[in-house]
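1. Pasting the sequence and the predicted model now:
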Amino acid sequence: MNFIKVIEEQEKHIGLIQLNRPKELNALNLELMGELRDALKNLDNNNQIRVIVITGNQKAFAAGADIKQMADKSAIEMLQIDQFSTWDQIRKTKKPIIAAVSGFALGGGCELALTCDMIIASETAKFGQPEIKIGVMPGAGGTQRLTRAVGKARAMEMVLTGKFIDAEEAMKYGFINKIVPVEKYLDEAMNLARSIAQMSPVATQLAKESVNRAFETHLDEGLHFERKNFYLLFASEDQKEGMAAFVEKRAPDFQGK
Ligand code: HXC
């Protein structure tokens, strides 16, 4: 892999993906996105892994799609390359994904963070959808996910002016989970990942699916989906173990079955 690094903390059940194109501020070229898609698929299929963390470096999570790679393309070439289809893998990942963001998360970088399930930000994080400044618009969910995350007026302002918001504002808007000092953002994300990795992976997967359903459907259908998943969990050994451990006043040992 040329543009990402994957580190598996097997005994802790965490897979860490680091975007690794530092000179270009982790601009998301097609090769990097292909590697990211494959890495997510592998980690999602790896029974030892329960939670995934995606990070960049202190200066940049990712400064967006690679403008130099796109600049001369025609509409038909863009259609044929269909680069955003690789993004579907991120959305389809069953395990929780935490974005650990420091520095720039712009354009596709902001969209990547928003596609993850939770965001831990360093105090230097800057989020924005500046595509409008280069004559285009968000193409990987920015107009949809950002609007759901922060509301219409704020999304409209960010998408139409391209202005960046800092971590404090992102926190106020409710689209990140926590702000931490820059030297701690990755540790904090890993700690969050480890705490989720201690839960039953079966319950975690169905709970993630159910929360996501809240963004995709109306309340009646969402409640129905949630209820069925709740009942389904009573088919898992982890449910028996979790409830027995509570009654016996001991820590549960979840096996993901
Ligand atoms: C290609 C990029 C890039 C990008 C930075 N670089 N962002 N290359 N695509 N998106 C490159 C620069 O060309 C430069 O390389 C090197 O990274 C360092 O960047 P500088 O601009 O010198 O750094 P700085 O002055 O600190 O400014 C940082 C910045 C700026 C504010 C983040 O780089 C910037 O505005 N970048 C573009 C942000 C953007 O518009 N993103 C949206 C892209 S469109 P060289 O070799 O020239 O020195 C998009 C569509 C979404 O994301 C669709 C979904 C995928």
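-> Received it, and whenever you're ready, just let me know what you need.
2. Show me which residues of this structure sit near the ligand.
-> Contact residues (C-beta under 6 Å from any ligand atom) of the chain with the ligand: 24-25, 27-28, 63-68, 104, 106-108, 111, 130-131, 134, 138-140. (Glycine included, C-beta is placed from N, CA and C.)
3. Just the buried ones among those residues, please.
-> Among those, those classed as buried by 16 or more other C-beta atoms under 10 Å are 24-25, 27-28, 63-66, 104, 106-108, 111, 130-131, 138-140.
4. quick one on the thing from earlier: return the subset of the residues of the chain next to the ligand lying in helices.
-> Mapping the residues of the chain next to the ligand onto helices (DSSP state H) picks out 67-68, 108, 111.
5. out of those residues, what pair is the most spread apart?
-> 68 and 111 (18.7 Å; C-beta to C-beta).
6. Export the ones in helices among the residues of the chain next to the ligand to a markdown table and append columns for pLDDT and distance to residue 172.
-> Listed next are those as a markdown table, based on pLDDT from 0 to 100; distance: C-beta to C-beta, whole Å:
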| residue | pLDDT | distance to residue 172 |
| --- | --- | --- |
| 67 | 97 | 30 |
| 68 | 97 | 34 |
| 108 | 97 | 24 |
| 111 | 97 | 20 |
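7. did I read that right, residue 37 in a helix?
-> Yes. Judged by DSSP: H, G, I helix; E, B strand; the rest coil, residue 37 forms part of a helix.
8. How much space separates it from the ligand?
-> Distance, residue 37 to the ligand, by C-beta to the nearest ligand atom, to the nearest Å: 13 Å.
9. Do I have it right that that residue meets residue 86?
-> Yes. With contact defined as C-beta atoms under 8 Å, residue 37 reaches residue 86; the gap is 4.6 Å.
10. any idea which helix or strand comes after the helix or strand of the chain with the lowest mean pLDDT?
-> Scoring the helices and strands of the chain by mean pLDDT, DSSP states H and E places helix 87-92 at the bottom, with a mean of 90. Next in sequence after helix 87-92, counting helices and strands by DSSP states H and E, comes strand 97-101.
11. elements contacting that next one?
-> If contacts are counted by 3 or more C-beta pairs under 8 Å, 6 or more residues apart in numbering; DSSP states H and E, strand 97-101 sits against strand 51-55, strand 60-62, helix 108-115, strand 118-122, helix 185-197.
12. mind giving me the domain ranges of the protein?
-> According to automatic domain parsing, the chain comprises the domains 4-197, 201-247.
13. Which residues are in contact with the nearest residue in space to residue 65 that is not next to it in sequence?
-> Of all residues not flanking residue 65 in the chain, residue 108 sits nearest, at 4.2 Å (C-beta to C-beta, 6 or more residues apart in numbering). Neighbouring residues of residue 108 by C-beta atoms under 8 Å, 6 or more residues apart in numbering: 28, 62, 64-65, 139-140.
14. Just give the number of residues close to residue 257.
-> Residue 257 has 12 neighbours, counted by other C-beta atoms under 10 Å.
15. What number of residues are in the vicinity of the residue nearest to it when sequence neighbours are not counted?
-> Of all residues not flanking residue 257 in the chain, residue 237 sits nearest, at 4.5 Å (C-beta to C-beta, 6+ apart). Number of residues near residue 237 (other C-beta under 10 Å) recorded here: 13.
16. quick one: residue 237 and the ligand, what's the gap?
-> 41 Å.
17. from memory that residue sits against residue 255, does it?
-> Yes. With contact defined as C-beta under 8 Å, residue 237 counts as touching residue 255 (6.4 Å).
18. Assumed residue 241 was part of a helix.
-> Yes. Residue 241: assigned to a helix according to three-state DSSP.
19. For the closest residue to it other than its chain neighbours, which three-state class applies?
-> Using C-beta to C-beta, 6+ apart and skipping residues adjacent in sequence, the residue nearest residue 241 is residue 252, 5.3 Å away. Secondary structure, three-state DSSP: residue 252 is coil.
20. And the pLDDT for residue 252?
-> On the pLDDT scale, residue 252 is placed at 97.
21. Count residues in the vicinity of it, would you?
-> 17.
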